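> Okay, sequence plus prediction incoming.
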Amino acid sequence: MHVVVVESPAKAKTINKYLGKDYVVLASFGHVRDLPAKDGSVEPGNDFHMHWETDARGKKALSEISKALKGADQLILATDPDREGEAISWHVQAELGKKLKGIDVKRVVFNEITKTAILAAMKAPRAIDQELVDAYMARRALDYLVGFTLSPVLWRKLPGSRSAGRVQSVALRLVCERESDIERFRAREYWTVEADLTSKGGAVVTATLSQLNGKKLDKFDLAGEADALAAKKAVEAGPLDVWRVEKKRVKRHPFAPFTTSTLQQEASRKLGFSAKHTMQLAQRLYEGVDIGGETVGLITYMRTDGVTMAEEAIGACRSLITRNFGADYLPAAPRLYKTKAKNAQEAHEAIRPTDVFKKPEEIGRYLDRDQLRLYELIWKRTLASQMESAEMDQVAADFADGKRKTVLRATGSTIAFDGFLKLYREDRDDPEDDEGEGKRLPPLNEGESVSLKDVRPLQHFTE
């Protein structure tokens, strides 16, 4: 008999179905022990010795595991494949202690809760990774030492606050420094001049003054209304023609599949979800949803900073892209991503569907509205990450007077080939950062005269 320990009851139920009658799968309900909230739980002067305490829920979980181990020959610790999961397994093993005499203890990890992944993990057991456990203990000690000192101060100053810690205290400092910057900030005035020009074909183009008296304008060159009105007169003096038209084709590449942080950001922007709600939904999709009487894990592990994908997942994406969109949308070679963060652990894959052929519209009836919206977001981002790049035609037109002293510029872009944009576009915090399709310019020929329809001086202030 084999006893398997996972973190949650939902996961235990799913995994038990995959492993069969020779396995008993039990939940630890998270951590079975922790540092007691009292002075002295961490001793900095004694090589940071830590005193652990098991709570009532932990004792109950350990009792159930102990009962199941009677007559068993193996304990398999299958908690989550991250630092916290490694620590939970370590705590369980440490607490069971002598009860494990004669029992083979193994650690297994899997990135997705599917039958294939579970069975493969069982064939590749390992020992507990002590480096991950040490990383957990360092974090937990820091949490305790910082929080135990700061929390009472916080409670006195902000009644009702829960705690301060290694994250909250740093975040608070950043907020305070930013608030000081805002208080010190003094808005600075500047002006721009905008003109509506009519081409020979009758199309109206909006252009912005970029050069005055033969000099390129910087942001603050038109510092006040008098400068702006003088610039307006120069534009009105005309006549204007199309001085030059610059065209270039650029490629826009798809985004990498989701990590924890990019998923939270995009779910906030696109769906209006809080980070907490996003992670609760992702946890449910990871642990499994009942589809036609079978519990199926729909996405890979959702706590990751890695952007890589398994070869079979990339192959499935490429197959589906060809089938759904055609060969034009499939790059010649698979796209391989690497995170830009220097300190990324990249221990796990990116967040992706466990089976990309499970399309959102086909499994939607098994999910609630928010689960479906998040799954669809993950599915689209994953598939788009393996699609062909989009091609954009960027056009810049300069309109000038006869002496080329006064110059106005209009820019625009059109999508020549939509590529991955056919399926997915990322929302941006700042729309000006978007490299997607911009305003479209009409056909313009160099030397063609244009007529002036309107000139507008515009006042702005730095923010």
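All right, it came through fine. Numbers count the residues shown, from 1 in each chain.

> Please enumerate the strands of the stretch 301-450 of the chain.
390-400, 407-417, 449-461 (DSSP state E, counting those that start in this stretch).

> and among these, the most buried is which?
Ranked by mean neighbour count under mean count of other C-beta atoms under 10 Å, those are led by strand 390-400, which reaches a mean of 20. Where you see a C-beta, it was placed from the backbone N, CA and C, and this is true even at glycine.

> any chance of the strands of the stretch 301-450 of the chain in TSV, plus mean pLDDT and distance to residue 324?
Shown next, in TSV, are the strands of the stretch 301-450 of the chain (pLDDT from 0 to 100; distance: least, C-beta to C-beta, whole Å):
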stretch	mean pLDDT	distance to residue 324
strand 390-400	92	17
strand 407-417	90	17
strand 449-461	93	45
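
> Nearest to residue 177 among those strands would be which one?
Among the strands of the stretch 301-450 of the chain, the nearest to residue 177 by C-beta to C-beta is strand 449-461 (22.8 Å).

> what angle sits between the closest one and strand 390-400?
100 degrees (axes from the mean of the first three to the mean of the last three C-alpha atoms, to 10 degrees).

> The host helix or strand of residue 131 packs against which elements?
In the assignment (DSSP states H and E), residue 131 maps to helix 130-157. If you count contacts as 3 or more C-beta pairs under 8 Å, 6 or more residues apart in numbering; DSSP states H and E, helix 130-157 packs onto strand 42-43, strand 49-50, helix 83-96, helix 166-184.

> As a markdown table, the strands of the stretch 301-450 of the chain with distance to residue 367 would be great.
Shown next, in a markdown table, are these (distance: least, C-beta to C-beta, whole Å):
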| stretch | distance to residue 367 |
| --- | --- |
| strand 390-400 | 30 |
| strand 407-417 | 32 |
| strand 449-461 | 46 |
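
> State the distance from the residue nearest to residue 146 when sequence neighbours are not counted to residue 156.
Take residue 146 and drop its neighbours on the chain: the residue closest to it by C-beta to C-beta, 6 or more residues apart in numbering is residue 166, 5.1 Å away. Distance, residue 166 to residue 156, by C-beta to C-beta, to the nearest Å: 20 Å.

> the more surrounded of those two?
residue 166 (15 against 9; other C-beta atoms under 10 Å).

> List the residues that contact the more buried one.
Residues near residue 166 by C-beta atoms under 8 Å, 6 or more residues apart in numbering: 139, 142, 143, 146, 147.

> orientation of the helix holding residue 131 relative to helix 166-184 in degrees?
50 degrees.

> What residues sit buried inside helix 130-157?
Along helix 130-157, these residues count as buried under the neighbour rule (16 or more other C-beta atoms under 10 Å): 132-133, 136-137, 140-141, 143-148, 150-151, 154.

> Run through the neighbouring helices and strands of the one helix or strand in the chain whose mean pLDDT sits lowest.
Ranking every helix and strand in the chain by mean pLDDT, DSSP states H and E puts strand 294-296 at the bottom, with a mean of 83. Secondary-structure packing of strand 294-296 (3+ C-beta pairs under 8 Å, 6+ apart): helix 9-19, strand 289-291.
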